[in-house]
Structures are given as C-alpha cells and as structure tokens.
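J.: Sequence plus the predicted model coming up.
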There are 2 protein chains.
Amino acid sequence: MFKRVLAALMITGAFAAPVIAQSPAELDPEIEATAKNLIERAKVDEVGLKFVEDLTTEVGQRLAGSEAEAQARNWSVVELTNLGFDQVRVEPFKIPFWSRKHEAVAVVAPSPQPLVATALGGSAATPDGGVTGQVVRFASLAELQAAPISQVDGKIVFIDETMIKTMDGSGYGMAVRKRSQCAEAATSKGALACLIRSVGTQPHRMPHTGIMARDGAEGVGPVAAISGPDADQLTRLLERSPVTVSVDIQTEIKPNAPSGNVIAELTGTDLADEIVLIGCHLDSWDLGTGALDDGAGCGIVVGAAMLIADLPERPRRTIRVVLYGAEEVGLFGATAYAREHGDNLDKHVLASESDFGAGPIWRFQTRFGEAALPYARTLQNLLMPLGVTPDENRANGGPDIGILARAGVPVVTPGQNGMDYFDYHHTPDDTFDKIKPDEFRQNVAVYAAFTYIAAETGWDFRKQPELNSQGTE
Amino acid sequence: MFKRVLAALMITGAFAAPVIAQSPAELDPEIEATAKNLIERAKVDEVGLKFVEDLTTEVGQRLAGSEAEAQARNWSVVELTNLGFDQVRVEPFKIPFWSRKHEAVAVVAPSPQPLVATALGGSAATPDGGVTGQVVRFASLAELQAAPISQVDGKIVFIDETMIKTMDGSGYGMAVRKRSQCAEAATSKGALACLIRSVGTQPHRMPHTGIMARDGAEGVGPVAAISGPDADQLTRLLERSPVTVSVDIQTEIKPNAPSGNVIAELTGTDLADEIVLIGCHLDSWDLGTGALDDGAGCGIVVGAAMLIADLPERPRRTIRVVLYGAEEVGLFGATAYAREHGDNLDKHVLASESDFGAGPIWRFQTRFGEAALPYARTLQNLLMPLGVTPDENRANGGPDIGILARAGVPVVTPGQNGMDYFDYHHTPDDTFDKIKPDEFRQNVAVYAAFTYIAAETGWDFRKQPELNSQGTE
C-alpha cells in the first residue's frame, strides 16, 4: 500500500517541492531582526483584537447586502483612516440580497414540540402560514438522491447526515453538500420542504445557517437546518412512529443591494506599485456577530499591518488590506476585486487571507513558482518557533483569494487549527467571547512576519526555474 | 487557623457524628450480597435510561400546569403500570399557571441588534408592543437595591452578576437571588423592566429561565434573562455609550391549572405499611426537554426500583416512587404530598430524591437519628467502591423531600457532581443527549443499593441514643 502511495506522490511531483525547498534563501539580517521584533510585539497586540471587538460590538452582525453591512463599511473606513492607513476606500458592487423575516419549525404530531431551526441563506419561502407534512428521513444526501419520487412526494425531507470534526476543516466541504443540494433534490421529487441536520460540530441547540442558493438570492425550495440535538430528537421520534412537522419560512429578496470591498493600504517606497495583499471578509451571517467568521480574520490582518505601520520605515512594497464584502453569499467581493484589478494582477506579488477563525496557525502552505521555494523555506523556518509546521507548495489561497491564485498570483495559506471552529461558525454562538486572545495574537505574529518580509525583500514569488536548470539557483 | 477551625467544629458537634459512625452496623450477608448484585446489574441498566429517553422524546417539555405536564402524568401512569409497579396513581392538585406567549429583547440604539433572551417564569407582561428605555447596569443585586430612585426611574435595569461554577452547585443559591428579586427591586424604583445575566455557567448563547414569582404565577414586574455572551455584549456597548433596549414579554396566566404527583409502589411484605420513598420531579421548564432537570432523576429512581422489582422476592418494606408535579414553579407537589400524607409521615422510614442532573454521585450525606449513624456508615462503606465519599449527617433532603426532612423523616442525599449541571439546566440545551449513560447508571446503582437495604433490613433511621447512653448500642 505504501509503495503505491509513494509512486503516486512521485508521479504528481508532490515530493519535488520539499526537496527543492531544503535550502532556504538568505534573508538580510536586518530584515530578519525586524521580522522577529514584529513577532515579539504581536504577542501583546491590542490593535487587532480591539478591531474585532469593536466591529462585532458596535456593528454586530453584517449580513451581506444589509444596512448592517453598509454600516460595517462606513465603520471600517473611519477606523482604518484613524489608524493611519493610506488610500482607505470602498469599491462598491451590487448583489442579490436575501434575508430571513420569520422562521419556525415544529413537530405537530405525535407530540407537539418546537425544533430549534434556522432557514438557510437563500432558502425559498414557504406559502404564508407554512407547510405541514409527514417527515421522510434520509441518512445522507445520496440516499435522498437515490430515492424514488413516491417516497418523497408531498413529504418534508429530513437529511440527518453528520459532519466530521477535523483540525483542517476538511469535514466541512462534504457536510455542505446537503446544505446546497437538499432543496433541489427534495423539491424536484415533490417534497414540501427540506430540513437538514445543522452543518457544524457543536453538541448544543445551535442552528447553523449558510448559503444554499447558487446566485446568493432565492434558491429552488424552502430549506432549514435544525440543531444537532433537535436532529437527534426527530430521529428518536421517527423510530417510534410517523412524525408530522410544520415548516414556516418567510424571507425578503432584493435584486440589487449594495455591497463593497473596503481597501486600506500602507504605501510602499521604491516598489510602491507592487502589492502584498492580505485579506479577510467583512460580511457575516446574521445569527451571531461574525466574530470568528470573519471579524477575527479582519482583526488579524489589520493588527498585522498596523505593527508594520508602526515601524520606523515603510517597507518597499505596498501592503494592501482588503476587507471583502459579500463573501458568505457567493464570493461576490472576490469576483468584484478580480474584475476591478484584473489588469494589474501581475503587480500582486503575494496574497493571503485569514478566514478560518482565530485558532493558532499550525502549518504554513505556499503556492510559489518552483524556483521561489527557497523563499517558502525561509519564511517557514522563521515561523517554526511559533508552533508552525512547514507544509507543501499547494496552498489554494482560501475563498476570497482563490480567484487570484488561479490567475497566477502567488499565495500563502497559514493553516489555523480549526478543531473547534465549526462549534461556532454560522451559529448564534459566533460571538467575540469565543476568541482566545493568545491564539489570536499568534496569528497576528505570523501575518506580520511574512507580510513584512514579502514587502521588504523584493523577492519574486512567481520565479520559475530557468530552462535546463535542476531547480537550484 | 487550623486550631480555631477545630475548636469550632468541636463546639458545633460536627465531629461527633463521624466519631459515632466509625462503627458500621452489621449487615446480613445475604442482604449485602443482594445489594452488591443490584450494583452490578445497575451498571448495565437500560430501563432507567430508556425511561428518561422516552419521557423527553415522546412528551418533551413538561411545563407545570400545562397540557404537556398532564400528558407526562398520563404517559407515566401507563409506563409505570407496564413496568409492573403497584398502586400506580395520580394525586392531583391545582396550581397557578404561567406561560410565555412571546418574548423579544433587542438593542435599539446605538446599533440595532437582537439579544438572546427568555422571560423568567412568572414574569409580568409588558404593555402590548413592549417597553423601550435606556439601560442602567448594576454589577450586583445589592448595587441595584442600594441605588437611588433617580438612577432607576424610567429605565431598564440590567443586573450583570455572574454565577460561580462549583461541584456541589453552591453557586446557584446566590445567583438565584437576582432572578427572584430583580423585578421587585427594579419596579419599586420605577424601572420599566429588568434584565439579568442568565443564571448558569455555560459560555453559549443559551438563556436560562426559572421562577421569579413567589406564588408561581405573575410576579411584580417584567423580567427576562439574557445569555452570558449577550450580557457581555451589552456591557461592552455600555462601556462605549448609552444604550437603549426594547423588552417585549407577553404571557398567559390561569388561576387553577391541573397538576399532580404520580405515585408507583413496590408493595412490601411483612413491613408493607412502612415506606421507603424515592422521588424526582416530573415537570420541567419549557425551553429544553427537561432531560437533566429532572427527567434523569425520574429515570434514576425508576431504574433503581425496577432492579429491586426484578429480585426473586420483594423487600419487606414498601418502596414508593414519587414523580412530583410542579416543582419548578414553587414546590407545589411537595406541599401537596405532605398535606395528603401528613398523618402517615411516621411510617415514612426513609426518603430521598434525585434532582441534580445525571452526574456521578461523589458523596453520600444522611440525616439520621444519632443512634442510627452506624447504618449510615454501613451504607457509605458499601457505596465507596462506586467512587462515593462518606459525608456528614446534615443532608437537607433536596427541594421536594425537604418538607419531609423538616417534619422528621430520615433522609439521604446522594450528592452528584454538578460541575457541568448549570451549563444546561433551565436552558434550551437541557436535552437527552447531555446525559452520559455510564454516569447515569452509577446513580442507579447507588439508589438501588441504599433503597433495597433500607427496605429489607427493617433498620430504624430515626433511632436516638437512649438516655445516659454514650451513643454505643
């Protein structure tokens, strides 16, 4: 078995990268000393933590397209200007807007009882007063997709698939499939509505929302998530007898709602036209206050940038902080940024984003040109004392940066420990108190260090081996 | 310091009990063997656990005086009859009934945001449409009580007192004072309503309800609890600027609602008129499904009794299982029981109740006559291998049994580890999945063992030393 895996790795070249990266690039001692000093100062950061505290307190939830998201943009512009950033601005765009007006899910028979539930983002509304029907349970989305129409028609579908808890969040992608596909699979077979066991890993009666529609506005059918304990309860009831539930979802839809990306910069010196981009997203779901997702990410990149801003001299390249809008409902901010800056992407020398909570960074992935891997090794060596493992050259950049990575912009992904992230993510429990200051500050340290080095060294992270070269310089 | 403590203990006689209890009473080897066998069988109990699973699933919440509580009585009568208990019956009584119809608390200014809140049991309603006012925060109930009228009049009071997390639940009594007294203290000074930080120890956005009125129905003012993270949020907002909130509470009140105690027995043999009572309460708050409070207690005492029922022979005394009604709203079931059985209390040889969740029992307190303390030591020795520490002769019996203890009925209190109990208690999160089967079964083992011995030995737990005796027999 091992042999076959090894062979596969050798074929895909997965082994090549670490071999090349064995030799770190040399780092100017003064730059290294400054980077280490940034790391030390990050350990007592107050600016980044205060940014997320203030944002989640003074604005609260920031649903994409809502007045609250607009308030968050205004708030951020004032805040970033006061912090001393350059070129603070909003790049506006329009999105289809969806919001919940009312939602109620309850067992009607055999024993009336309310279920803790929330409509998924983009859920269609039910008819006024809701729908009532017998529940048909499926252990997985695949089971629903394989079921005959006769089993589903006129019923309320319940997909009871659980999510696997992992450090790297890899259980999420699989769990999300039922969220995005249940309404279509169910209503195409005549179901009245769909209920899913909440995506997420918490054992509490916390419902987990998230987008289900492809275009950010209304999806094909009514769909709500019920909390884990409520899914257990519904399953226990179904083991005993047929169960009838009512589902009432009322929503509001607007076609052209305002959103926007907030941008703030530290203008560089002799390489000011070259951009090191660090991002997060400003919008959040509406149930909590978007502290872990993604107020923390914004606090981390703002905090890191401010540590660099406080240095005696500005780095050579421009550091651009991007607070993306409307990430949650379909990466609208990422698309708008790529559209707006599409003719300037070759000047983006590096990009990274923080959008996985505030857990400590435990690995550091890159996606650099093959001949730039010594730079990866240098960065990784510097970060190891913070508990960060060097990792492979296969970073995808994350949700908002992915579009840049696919267009060839070099990216780094500082991988956070997300073991507990989905205990809070997209639930009412995503609030400021869930951020652990020490772990948050370790993130600030990592971002400050690699951002500064990328901006100050002038390294070319796109660098490819020359023809006939063996990959050494 | 130690010396003074020692002297104090000697004066209060706290040392006397353990000294007398040094010598356990002899236990018939056959009875001891049976008790040990009960303990072994309890470790794989299914009956008790199924009782609480079925009750919380098939009935769900069981608010005192509601149709659901009535359904729970009917359900219990069927269940206990099917299990083979004797004399299964309901002893009905009437209570003042309170229920919530609608509740909403929100920050109106400076940044509109909903707060996770729940009306306390017995809260007065607000005028239709609610009240809106500026928040005045107090760190404690005492601060509110000391405040001048001018500081409170026309405002919405917020008491931000936190609860201390302890193994024995001792933090609860202190925390509950703000729950029961805020409305009166606030409205007597002209406040529009009171908000309290939820009693409880969980870090989640779970509001914690509980009775605030003295008579179980309407209290003197509108009062709601907001979750811990919401209390943090409100405090952060108040640190920044004045805050206006809206509070809308609508309730239903009925003066003479039905409740009742459900009673089931294992009739004894030659001492059938002597009663060993083990109890719990059947009602629950309405937010969760009353699994830990107190479905678990009912499952524990029913499970323990059924293990005894399955023995080849019935014990000599009658074992009476009492599922009290309307505990949460003012111990109405306890009062009704004492009224109904007041002329027969001398035939109650021992009483105990389980009403502190399903955590493992870690100590065993008694309240026996002084000459009966060797019996306490015998029971304690038997339970030690289950991880139970012998404890003092100062059991108070618990909420429903307390009235019997005060009337002279000997009681035992198997003390559960309640470290996590107030993470769930009275919140939406009090659901079946929170019960850990192994810990639950340890409780069944303890109850089965002492109940059996009390019923089979004929021991007199009231026994006092004879005049001029040194306390030895």
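T.: Looks like it came in fine. Everything quoted here is computed from the prediction, not taken from an experiment. Residues are numbered from 1 along each chain as shown, chains lettered A, B, ... in the order given.

J.: What pLDDT is listed against the residue of the stretch 101-250 of chain A found nearest chain B?
T.: At 3.9 Å from chain B, A:Gln113 is the closest residue in the stretch 101-250 of chain A, using CB to the nearest CB. Just so you know, the C-beta spots here come from the backbone N, C-alpha and C atoms, and that holds for glycine as well. Per-residue confidence (pLDDT) for A:Gln113: 95.

J.: Then A:Glu218?
T.: pLDDT, read off for A:Glu218, is 78.

J.: got it, and A:Val446?
T.: As predicted, A:Val446 sits at a pLDDT of 98.

J.: ok, now A:Glu184?
T.: 93.

J.: would A:Pro258 count as being in a helix?
T.: No: read with DSSP: H, G, I helix; E, B strand; the rest coil, A:Pro258 is strand and lies in no helix.

J.: Contact partners for it?
T.: Applying CB atoms under 8 Å, 6 or more residues apart in numbering or on different chains to A:Pro258 gives the contacts A:Gly65, A:Ala70, A:Pro92, A:Lys94, A:Ile95.

J.: C-alpha coordinates for the helix or strand the fourth one falls within, PDB please?
T.: According to DSSP states H and E, A:Lys94 maps onto strand A:86-109. Coordinates of the C-alpha atoms in strand A:86-109 are reproduced here as PDB (Å, rounded to 0.1, in the frame of the first residue of the first chain):
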ATOM      1  CA  ASP A  86      -3.400  55.200   3.200                       C
ATOM      2  CA  GLN A  87      -5.900  55.200   0.300                       C
ATOM      3  CA  VAL A  88      -8.800  54.000   2.500                       C
ATOM      4  CA  ARG A  89     -11.700  53.500   0.200                       C
ATOM      5  CA  VAL A  90     -14.800  51.400  -0.700                       C
ATOM      6  CA  GLU A  91     -15.000  49.600  -4.000                       C
ATOM      7  CA  PRO A  92     -18.800  49.100  -4.300                       C
ATOM      8  CA  PHE A  93     -20.700  46.400  -6.200                       C
ATOM      9  CA  LYS A  94     -24.300  45.100  -6.200                       C
ATOM     10  CA  ILE A  95     -25.500  41.700  -5.100                       C
ATOM     11  CA  PRO A  96     -28.800  39.900  -4.900                       C
ATOM     12  CA  PHE A  97     -30.000  40.200  -1.300                       C
ATOM     13  CA  TRP A  98     -31.700  37.600   0.800                       C
ATOM     14  CA  SER A  99     -32.800  37.900   4.500                       C
ATOM     15  CA  ARG A 100     -35.000  35.900   6.900                       C
ATOM     16  CA  LYS A 101     -38.200  37.600   8.100                       C
ATOM     17  CA  HIS A 102     -39.600  34.700  10.100                       C
ATOM     18  CA  GLU A 103     -38.900  31.000  10.600                       C
ATOM     19  CA  ALA A 104     -40.500  28.300  12.700                       C
ATOM     20  CA  VAL A 105     -40.200  24.600  12.600                       C
ATOM     21  CA  ALA A 106     -42.200  22.400  15.000                       C
ATOM     22  CA  VAL A 107     -43.300  18.800  15.500                       C
ATOM     23  CA  VAL A 108     -47.000  18.800  15.100                       C
ATOM     24  CA  ALA A 109     -47.700  15.100  15.900                       C
END
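
J.: gap between whatever helix or strand comes next after that strand and the chain center?
T.: Next in sequence after strand A:86-109, counting helices and strands by DSSP H and E, comes strand A:113-115. How far strand A:113-115 lies from its chain's middle: 31 Å, per CA atoms, centre = their mean, to the nearest Å.

J.: what's strand A:113-115 packed up against?
T.: Under the contact definition 3 or more CB pairs under 8 Å, 6 or more residues apart in numbering or on different chains; DSSP states H and E, strand A:113-115 sits against strand A:86-109, helix A:228-240.

J.: circling back: closest one of the contacts of A:Pro258 to chain B?
T.: Distances from chain B to those, taken by CB to the nearest CB, are shortest for A:Ala70, at 12.4 Å.

J.: Counting neighbours, what do you get for the closest one?
T.: 19 (other CB atoms under 10 Å in any protein chain shown).

J.: mind exporting the helix or strand it falls within as PDB, just the C-alpha atoms?
T.: Applying DSSP H and E as the criterion places A:Ala70 in helix A:67-83. Extracted in PDB, the C-alpha atoms of helix A:67-83 (Å, rounded to 0.1, in the frame of the first residue of the first chain):
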ATOM      1  CA  GLU A  67     -27.900  48.000   6.100                       C
ATOM      2  CA  ALA A  68     -25.600  46.500   8.800                       C
ATOM      3  CA  GLU A  69     -23.000  45.500   6.200                       C
ATOM      4  CA  ALA A  70     -23.100  49.100   4.800                       C
ATOM      5  CA  GLN A  71     -22.700  50.300   8.400                       C
ATOM      6  CA  ALA A  72     -19.700  48.000   8.700                       C
ATOM      7  CA  ARG A  73     -18.100  49.500   5.600                       C
ATOM      8  CA  ASN A  74     -18.600  53.000   7.000                       C
ATOM      9  CA  TRP A  75     -17.300  52.000  10.300                       C
ATOM     10  CA  SER A  76     -14.200  50.300   8.800                       C
ATOM     11  CA  VAL A  77     -13.400  53.400   6.700                       C
ATOM     12  CA  VAL A  78     -13.400  55.600   9.700                       C
ATOM     13  CA  GLU A  79     -11.500  53.100  11.800                       C
ATOM     14  CA  LEU A  80      -8.800  52.400   9.200                       C
ATOM     15  CA  THR A  81      -8.400  56.100   8.400                       C
ATOM     16  CA  ASN A  82      -8.000  56.800  12.100                       C
ATOM     17  CA  LEU A  83      -5.400  54.000  12.400                       C
END
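
J.: what packs against that helix?
T.: Against helix A:67-83 (3+ CB pairs under 8 Å, 6+ apart) you get helix A:47-54, strand A:86-109, strand A:244-266, helix A:296-309.

J.: Next secondary structure after the last one?
T.: Tracing the chain past helix A:296-309, the next element assigned as helix or strand by DSSP H and E is strand A:317-324.

J.: cool, the third one as well?
T.: Later in the chain than strand A:244-266, the nearest helix or strand by DSSP H and E is strand A:271-281.

J.: thinking again about what came up before, how many other residues sit next to the residue of the stretch 101-250 of chain A closest to chain B?
T.: 21.

J.: Contacts only, for the nearest residue to it once chain neighbours are set aside.
T.: Spatial nearest neighbour of A:Gln113, chain neighbours left out: B:Gly60 (3.9 Å); criterion: CB to CB, 6 or more residues apart in numbering or on different chains. Applying CB under 8 Å, 6+ apart, we find B:Gly60 in contact with A:Val107, A:Ser111, A:Pro112, A:Gln113, A:Gln233, B:Ala68, B:Thr289.

J.: Can you say which of the residues you listed are buried?
T.: Burial by neighbour count, judged by 16 or more other CB atoms under 10 Å in any protein chain shown, picks out A:Val107, A:Ser111, A:Gln113, A:Gln233, B:Ala68, B:Thr289 from those.

J.: and of these, the nearest to A:Val446?
T.: Nearest to A:Val446 out of these is A:Gln233 (CB to CB; 42.1 Å).

J.: I figured the closest one was touching B:Phe432, is that so?
T.: Yes: the criterion here is CB atoms under 8 Å, and A:Gln233 meets it with B:Phe432 at 7.4 Å.

J.: shared neighbours of those two, which are they?
T.: B:Thr57, B:Thr289.
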